[in-house]
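Engineer: with the sequence up front, the predicted model follows.
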Amino acid sequence: MSNIATYPDGSCVLLQGNEAIARGALEAGAQFCAGYPGTPSSEIIGTLATVAKDLGIHVEWSVNEKVATEVAAAAAFAGLRSLAAMKNAGLNVAMDFLMHLNLSTIGDRGGGLVVVVCDDPQAHASGDEVDTRWIAQMADVPLLEPGSIQEAKDMTKWAFELSEELRCYCFLRSYTRLSHSRSGVKLGNIPKPERKAMFDTSKCYTPYIAPPKHAALHEQLARVQEIFESSPFNSYTGPAQPELLIICSGSGGPCSLDAIEALNLTESVGVLKLGTLWPFPKSLVEKYLTRTSKVLVVEEVDPFIETHVKETAFESAAVAESLQLYGKWSGHINYYGEMTPDVVIKALSRIFGLEYQTRESDYEQKARDAAKRLVIDRGMAWCAGCPHRASFFALREAIRKDRRKAIVTGDIGCYTLDVFPYGTHQTSVLHCMGSGVGEACGFGELAQFGFEQPVIGICGDSTFFHASVPALINAVHNKSNMTLVILDNGITAMTGFQPHPGTGRTATQDATTVVDMEALCRAVGCRVEVRDPFNIKETTSALRELMRDERGVKVLILRRECELLRMRQERRYPHRVWVDLEKCKGQKCGYCYDVIQCPGISWDGQTDKAQIEEAVCVGCGVCADMCPSKAIIKEEIR
Amino acid sequence: MAISADPLNLIICGVGGQGNILLSGLVGSALIRKGYHVAIGETFGAAQRGGAVFSSVRISSKKSYGPLIPEGKAHIILGLEPLETMRILQKYGNSETICITNTYPVFPIGVLARKEEYPDHDQLKRTTESLSKFAWFIDATSIALELGAKIATNIVMVGALIGSDQLPLARKDIEDGMRDIFPPERMELNLKALELGFSALRSQN
């Protein structure tokens, strides 16, 4: 089978945006790559990990994004080209380090450092739509944004060269529509990286003293801007004197070209596509602003380009004062969500006063009618056999029986589904990686203010290592009264089964020390219990008992492997499961569809009985323990 | 073989876990080997197994287009699940759209939880027909189940797509791509699935 390292120089192959970034790093001779999984960024490190051994490079899943950036920076200090990859939310975790690394430089050994951040406009798989471009401006470091998958590869390679030239890290900003699209990419050569790692200890790199180093960064930005003004990653398509000029970046480029084609505006609208976004190539933009009287800025989420276009126009004597600017502030483009050709079609139609019809009106009417009558949503639910369904079922039972309105603080992982329509809705507060533990700690410190509710914090196994440990130590140190439930399914499941420190395997599948979370929790001073969530009775009673124990911080590890992972390895079902039609009370009960809500159980409308969906059920048999009428039967398959 | 429109817009839709992305990759790679420009946009996000997913595939002999298809501009829809075909058709279809859809429903959790009703089979079929220039219905899941591998449903459907002659691809082009992604021991089954999908569509012509 072929992979990104074996495709030859000069070939054109179908690559995903993240694979193209990975290939770009290899073509640049990157020798050290680190990251923490997060959609839509995970495939960058995932892909590199599969070829690391063949190429003799180091690729790791780090414990979190801050550490990933720190280890990658160390490799750069030692002279290697290195890469750190993360999603938008991960950048928040890495920020403390990055806001100091900019001032220190990345050393004189010539190792370039590229920080790839994948934003998620539309928040397809995120809790926010944070726009990384502002962070580059805040850090005074360059940011590149590819407009196509070919550019994703080429820009990654160039980012390493730029980083080495500047002795400063560079941001490469991707976004869902790039990271998770695919197209044909023309490949270049992968050199054999031969740099030896070494650090010259006569040197010292720190941000101290900041003001002069900050000043130097600004001087450097002016130099980078000059490079950017003539970069081939900024390009113009269209008439010499367009009636309207679109300025865009990222997916704004292809969406604009589609819209112009759809509206037959090729003679009157030009597109200036920017790939070097910070520092902003003002002179280039100014040159095009003088050739038109109307400008539409097409970009996802925040008005970053729009703000800088305004600044450019304001500062320029050459740009006409009558220049009309359309974009977010004028209400033509949204401040949220993903860019699509239709967003640009609507904006252009409005500016030019055009009537655009997607399709014939009678078809449109029929389609709308069909949508209303026939199209229903597909809600998200835990997979059949998922241990989290059982864990939350037990949690619900324990809280109900406890009767003191226990508060549950949640976390990011498959268990986030608890707050979605088909979850159990036990979780009351949920924000980011590890925040469930910190928030639980805080609620558990409120007794002196009359707070009497039991407190249960939730985290997963990967998030435990990522961001929960400091909060847990804080809880012990500050005498919080709380229970932490660690939903340990043995893998970073939601992002595609990446290993973590508790799995005993590295990104490149080498065996390594298992970091024992149980021992770790005990070592910091917690009472620790371990249960199998599929044993609902024992899990429920353990939870009840821990809620009643008011002596400090308790940890309950609910350990059961992710069903998808188990199935991959075992390739067999543990039970045969069926419904005893005599015992099933039908709609009078309805517990299986109201409460259990497993995709493996459906309803037979004719007999008014539950039935097992043979094609979906994985035979975990947990529903047999949940059914109040004992109407679901499980039989072990040997 | 030339393409009937440039860009030719194909949408492959289904439910997370049905192998949507594998299909768009198979078709996309085969077209690239034939020298076409191909861009594929995937919409899956947080939809693990059970969520609505679709891939837009844009094919051109002239230049590289963006991965997103404007609303109402799909030429071909390949649906791995009938409700998902309708979800895409009502948004991206037009009176010239060709539909090839699997008939086997995958119930959303809302239906299993009895909060919603899955649309009536005949209504879904009739409306799919009335919103397309031409619609083929393939019992792909049943064919795959007969082969003893429900997972091969997607390969049956790509067989049907090739059988429809809507793409400048022959069965052999897909077979070549399959060899690159399936281990040798899975090839026989998948070749059979491809062939059965191909003939299932041809038998309806």
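Structural biologist: Nice, I can see it. Quantities reported herein were computed from a predicted structural model and do not represent experimental measurements.
Engineer: what's the neighbour count on the residue of the stretch 301-450 of chain A found nearest chain B?
Structural biologist: Here the residue of the stretch 301-450 of chain A nearest chain B is residue A:358; by Cβ to the nearest Cβ that distance is 3.6 Å. From N, CA and C alone the C-beta is placed, and that goes for glycine too. By the criterion of other Cβ atoms under 10 Å in any protein chain shown, residue A:358 has 18 neighbours.
Engineer: does it touch residue A:364 like I think?
Structural biologist: Yes - using Cβ atoms under 8 Å, residue A:358 is in contact with residue A:364, at 6.8 Å.
Engineer: strands of chain B, residue ranges please.
Structural biologist: B:8-15, B:37-43, B:52-60, B:76-79, B:98-102, B:134-138 (DSSP state E).
Engineer: I should have written the stretch 401-550 of chain A there, sorry.
Structural biologist: For the stretch 401-550 of chain A, the strands defined by DSSP state E, counting those that start in this stretch occupy A:407-409, A:427-429, A:455-460, A:482-488, A:527-531.
Engineer: helix or strand for the residue of chain A found nearest chain B, which one?
Structural biologist: Nearest residue of chain A to chain B: residue A:254, at 2.3 Å (Cβ to the nearest Cβ). Assignment of secondary structure by DSSP states H and E places residue A:254 within helix A:252-262.
Engineer: what sits up against that helix?
Structural biologist: Contacts with helix A:252-262, where a contact means Cβ atoms under 8 Å, 6 or more residues apart in numbering or on different chains, come from A:147-148, A:237, A:246, A:248, A:265-266, A:269, A:271, A:273, A:298-300, A:339-345, A:347-348, A:356, B:39, B:65-68, B:70, B:73.
Engineer: give the rounded mean pLDDT of that helix.
Structural biologist: Mean pLDDT, computed over helix A:252-262, is 98.
Engineer: that helix: what's the following helix or strand?
Structural biologist: According to DSSP H and E, the helix or strand after helix A:252-262 is strand A:269-274.
Engineer: now do that next one: distance to the chain's middle.
Structural biologist: 29 Å (Cα atoms, centre = their mean, to the nearest Å).
Engineer: quick one: is that strand near chain B?
Structural biologist: No - remark: strand A:269-274 sits outside contact range of chain B, by Cβ under 8 Å from any Cβ of the partner chain, the gap being at least 11.4 Å.
Engineer: after that strand, which helix or strand is next?
Structural biologist: The helix or strand immediately downstream of strand A:269-274 is strand A:276-278, counting by DSSP H and E.
Engineer: and the residue of chain B found nearest chain A, how many neighbours does it have?
Structural biologist: Using Cβ to the nearest Cβ, residue B:66 is the residue of chain B that sits closest to chain A, at 2.3 Å. The number of residues packed near residue B:66 is 27, by other Cβ under 10 Å.
Engineer: need the contact partners of the helix ranked longest in chain A.
Structural biologist: In chain A, taking DSSP state H as the definition, the longest helix is helix A:210-229. Residues from elsewhere that reach helix A:210-229 (Cβ under 8 Å, 6+ apart): A:102-104, A:140-142, A:162, A:166, A:168, A:207, A:234, A:276, A:279-284.
Engineer: in helices, which of the residues you listed fall?
Structural biologist: A:102-104, A:162, A:166, A:282-284.
Engineer: closest to residue A:30 out of those residues?
Structural biologist: For the ones in helices among the contacts of helix A:210-229, the residue nearest residue A:30 by Cβ to Cβ is residue A:162; the value is 13.8 Å.
Engineer: what about residue A:511, how many residues nearby?
Structural biologist: 8.
Engineer: that one contacts residue A:503, correct?
Structural biologist: No - if you go by Cβ under 8 Å, residue A:511 and residue A:503 don't touch, sitting 10.1 Å apart.
Engineer: any idea how far residue A:402 is from residue A:620?
Structural biologist: Using Cβ to Cβ, to the nearest Å, residue A:620 is found at 26 Å from residue A:402.
Engineer: more crowded one of those two?
Structural biologist: Shown here are residue A:620 and residue A:402; by other Cβ under 10 Å, residue A:620 has more neighbours (26 against 15).
Engineer: in terms of contact, does the more buried one touch residue A:566 like I think?
Structural biologist: No - contact between residue A:620 and residue A:566 fails when scored by Cβ under 8 Å: they sit 9.3 Å apart.
Engineer: quick one: contacts for the closest residue to the residue of the stretch 301-450 of chain A closest to chain B other than its chain neighbours?
Structural biologist: Distances taken as Cβ to Cβ, 6 or more residues apart in numbering or on different chains place residue B:72 nearest to residue A:358, at 3.6 Å, with adjacent residues excluded. Listed by Cβ under 8 Å, 6+ apart, the contact set of residue B:72 reads A:358-359, B:91-94.
Engineer: ok, now with 6 Å
Structural biologist: Counting by Cβ atoms under 6 Å, 6 or more residues apart in numbering or on different chains, residue B:72 makes contact with A:358-359, B:94.
Engineer: do residue B:92 as well
Structural biologist: Contacts for residue B:92 (Cβ under 6 Å, 6+ apart) come out as B:11, B:74.
Engineer: and for residue B:95, the neighbour number?
Structural biologist: With other Cβ under 10 Å as criterion, residue B:95 counts 14.
Engineer: quick one, domains of chain A?
Structural biologist: With domains defined by automatic domain parsing, chain A comprises A:12-229, A:235-352, A:387-569, A:573-636.
Engineer: out of the ones you listed, deepest packed?
Structural biologist: domain A:12-229 (a mean of 22; mean count of other Cβ atoms under 10 Å in any protein chain shown).
Engineer: with adjacent residues omitted, what lies nearest to residue B:67?
Structural biologist: Using Cβ to Cβ, 6+ apart, the closest residue to residue B:67 is residue B:41 (3.0 Å).
Engineer: any idea what the one you found is bridged to?
Structural biologist: Counting by DSSP bridges, residue B:41 forms beta bridges with residue A:181, residue B:56.
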